[in-house]
Each structure stands twice: as C-alpha cells, then as structure tokens.
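S.K.: A predicted structure for the sequence below; I have some questions about it.
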Amino acid sequence: PEATLLGSSFEGVLAEGRAWRDLPAVGLMAWAAGEDEPIPVFFAPGDFEVDELAQELRDALGRPELNPDDLLLVFPDSLTWAGLEAPVEELIRLLGDPSIAGAASMGLVGQACQSWIGDEVQRGALVGLLVPGGAAARGDGVAAALPRVRCAGASRFASPWLEISACRERWVDGLEGEPPLDWVRRQLGLDRDSPVEPHLDRLLVRLRDGALCEAGESAHSIPQEPAGGDPTDFVERYVVGIDDRRGSLSVPGDYRRGGHLALALPDADHARSALRSALRALAPSPLVMQFACRARDEALHGDPDLEAALLAHDAPGRMTLGALAPFQLGPASPGGGRVLVHSTVLAALGEA
C-alpha cells in the first residue's frame with residue numbers, strides 16, 4: 001500500500017524467455033525504497049513541457065545534470081505522441097547526458113494506450129521512469145566503461161546509399177534519376193512487372209542527411225553494417241506504401257531532395273548476432289529490460305518466443321522483462337535519442 005503504482009499497456013509482454021501477445025498478461029517490477037529509487041514520470045496528452053519535466057527531474061535528483069549512469073525510460077502512446085524525437089533530444093540536452101530507452105505503449109486497435117499512476121487512469125498518457133545511477137556506476141573499471149543501453153538491429157544494407165533525386169511530402173519519387181521501385185525490384189530479384197506489395201513486410205529504408213555522405217563513396221558498393229549493431233548516422237523506417245504508376249515509395253520521416261537513402265532487408269542471422277553483441281556490451285545488472293519490435297518475432301525468426309528465449313539463455317543469472325511495441329526508443333550517436341523500428345533495445349537496471 002505504500003508503493004507508487006505506475007504503468008502502461010503494450011502490444012505484448014516479454015519475460016524470462018517467453019512472449020505473451022494476444023493474451024492477457026502483466027509484467028511487474030518492484031523496486032525497494034532508497035537512494036536509487038526510480039522517479040516516476042507521468043504526463044497527460046498535450047501536457048508535456050520539456051523544460052518543466054527537465055527541471056522536475058533535476059530537482060528530484062538533487063543535482064543540476066544527469067550522466068550516462070542515469071537511465072531515463074520513456075513509454076509514449078503510439079497514437080498520441082507523434083514527432084517524439086525532437087522533444088526527447090531537447091530533454092536530453094537539458095538534462096545533460098543520461099542514457100535513454102523505451103518503447104511505444106499500445107491500446108486496443110485504433111485506441112490510445114491505458115496508462116496509470118496510483119489510482120489515476122488515463123488513456124494516451126506519457127509514462128516513464130528516471131532510474132538514478134546503478135548499473136554502470138560501479139566504479140570497478142569494467143562496469144563503469146559499459147553502457148546501460150544498447151540497440152540491436154535486425155536488418156542489413158541491401159543497396160548502396162542512393163541520392164533522392166525527386167520527392168514530395170511522404171513520397172520518394174526518384175533515386176539516382178530512376179523510379180525507386182526499379183531499384184527495389186532489382187534488389188529483391190523481381191521481374192520488372194512483378195508486384196512489390198507482397199514484399200513490403202520485408203522492405204525497410206535507411207535515411208540520412210546528404211551532408212553526412214562521405215565524398216567519393218562508391219555508387220556500386222554496399223556499406224558495412226555499423227559496429228555493435230547500433231545505428232550511427234542514419235534512421236531506419238518501414239516502407240508504408242507504393243505508387244506503382246509513378247514507381248514511388250511512401251516512407252515516413254524527414255527526407256529531402258539531395259538526401260540519401262539506402263534499401264534494407266530483415267536478416268534473422270544478423271538479428272541474432274546483433275542481439276548477442278548488444279548483450280555482451282551491456283553493463284552487468286540483475287535485470288535486463290528488453291523492448292522489441294512486434295515484427296521481429298514470428299515473421300523474422302519463425303517463432304514468437306525465440307528472441308526472448310535467446311536473450312534469457314545468453315543472460316544466465318539475470319532476469320529479463322520487457323515489452324513488444326511498434327517502435328522503440330534508443331540512444332543516438334553522438335548523444336540524444338532516436339525512434340527505432342525493427343530493433344530491440346536492451347537496458348541494464350540495478351546494481352550487479
């Protein structure tokens with residue numbers, strides 16, 4: 001009765017090597033009161049002021065800045081919290097340099113999530129926790145050098161970086177002077193007249209600003225995957241539609257003419273390798289939180305429990321708990337936070 005209850009609804013629950021989806025399930029984490037007790041975050045839709053939240057968290061911690069030992073967990077509603085990257089980046093800038101992880105909360109189909117703090121229940125609220133110090137603040141030299149959050153991708157480059165030669169709002173109409181669907185069909189090994197729609201669940205794109213493109217980069221070579229599975233200078237997005245008449249792709253995100261786009265395809269072997277690499281690079285802790293994409297389970301691995309089982313198997317002596325979500329939140333490089341798709345984010349909680 002003395003505890004503060006804080007929570008939100010998700011598309012699925014991950015715990016101890018199993019995934020619960022389309023079934024009633026509850027994941028519960030209890031934290032003893034003390035110096036490292038998490039600080040709850042709860043904002044109603046339209047109530048989120050970045051500077052106010054930053055000041056509240058600084059006051060609650062009793063210090064002017066946060067560092068990577070401090071972990072900020074954020075669970076925004078997938079329907080009501082669009083455009084989250086900008087306020088998250090601003091929040092991290094105001095706080096200093098905390099670690100960040102999270103996932104999108106979900107409600108019933110077409111409805112906002114159900115969130116609560118204590119006996120106050122509200123749909124579509126932004127829920128979070130600030131966990132002070134702990135997992136990476138061990139001072140033993142090894143744990144102090146390891147991050148509290150790591151990301152594991154599940155796709156690989158399937159094309160070189162291609163310049164966007166024509167576009168309109170939410171649509172890419174030209175890549176290197178050709179219709180994008182021509183590139184897609186070539187990369188997927190499809191005939192010119194073969195339909196692309198059946199393959200949309202296999203197709204992602206990676207976007208980056210044109211200024212980040214290295215001079216002299218070959219138009220015929222496929223870039224290397226980033227070390228450790230973490231995104232570096234790009235964001236990844238799903239293709240959400242096609243215009244076969246124009247040969248165009250519809251892609252959410254901020255892109256422009258002259259920017260660069262690369263096609264990407266899911267890869268189960270890469271996903272498993274990246275997950276293990278991310279876990280090995282994570283600070284030691286009694287609990288690992290796992291925020292995974294709903295499209296990575298059966299569609300990628302052929303088994304809805306496989307990824308949760310892999311994590312539990314490779315983390316002996318550590319509890320695992322998490323959620324399935326349409327998008328995840330993870331660290332950007334350098335600094336800040338970013339929205340991720342088709343990824344798994346791991347966060348280390350508690351002292352080893």
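M.R.: Now that the structure is in, tell me what you want to look at.
S.K.: Report all helices and strands that the lowest-mean-pLDDT helix or strand in the chain contacts.
M.R.: Taking mean pLDDT, DSSP states H and E as the measure, the helix or strand of the chain with the lowest value is helix 298-301, at a mean of 76. With contacts taken as 3 or more Cβ pairs under 8 Å, 6 or more residues apart in numbering; DSSP states H and E, helix 298-301 sits against helix 268-280. All C-beta atoms are positioned from the backbone trio N, CA, C, and that covers glycine.
S.K.: Going C-terminal from the helix it packs on, what's the next secondary structure element?
M.R.: The helix or strand immediately downstream of helix 268-280 is strand 287-293, counting by DSSP states H and E.
S.K.: mind listing what's buried in the least confident helix or strand of the chain?
M.R.: Leu300, His301 (16 or more other Cβ atoms under 10 Å).
S.K.: Can I get it in PDB, CA atoms only?
M.R.: What follows is helix 298-301, C-alpha atoms only, in PDB (Å, rounded to 0.1, in the frame of the first residue of the first chain):
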ATOM      1  CA  GLU A 298       7.400 -15.000 -35.800                       C
ATOM      2  CA  ALA A 299       7.900 -13.000 -39.100                       C
ATOM      3  CA  LEU A 300      11.600 -12.800 -38.700                       C
ATOM      4  CA  HIS A 301      12.500 -15.900 -36.600                       C
END
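S.K.: Could you check the very next helix or strand once past it and say which residues are buried?
M.R.: Using DSSP H and E, the helix or strand that follows helix 298-301 towards the C-terminus is helix 306-314. By neighbour count with 16+ other Cβ under 10 Å, helix 306-314 contains the buried residues Leu306, Glu307, Ala308, Ala309, Leu310, Leu311, Ala312.
S.K.: Please name the residues that touch the spatially most distant residue from the centre of the chain.
M.R.: Most distant from the centre of the chain: Asp193, at 35.0 Å, with distances by Cα atoms, centre = their mean. Under the criterion of Cβ atoms under 8 Å, 6 or more residues apart in numbering, Asp193 has no contact partners.
S.K.: For the chain, which segments are assigned as helices?
M.R.: Along the chain, counting by DSSP state H, helices occupy 50-61, 85-95, 180-188, 268-280, 298-301, 306-314.
S.K.: weakest of the ones you listed in terms of mean pLDDT?
M.R.: Set side by side, the helices of the chain give their lowest mean pLDDT on helix 298-301, at a mean of 76.
S.K.: how near is His199 to Gly133?
M.R.: Distance of His199 to Gly133, given as Cβ to Cβ, to the nearest Å: 46 Å.
S.K.: Quick check: phi and psi at the residue farthest from the centre of the chain.
M.R.: phi -100, psi 0 (degrees, to the nearest 10).
S.K.: Tell me the pLDDT of it.
M.R.: 82.
S.K.: Could you do Gln114 as well?
M.R.: What the model reports for Gln114 is a pLDDT of 93.
S.K.: And the one 10 residues further on, by the same measure?
M.R.: pLDDT recorded at Gly124 is 89.
S.K.: give me every residue that touches it.
M.R.: If you count contacts by Cβ under 8 Å, 6+ apart, then Gly124 has Ala44, Pro45, Asp77, Leu79, Thr80, Trp81, Gly107, Ala112, Cys113, Ser115 around it.
S.K.: Please consider this matter closed, and thank you.
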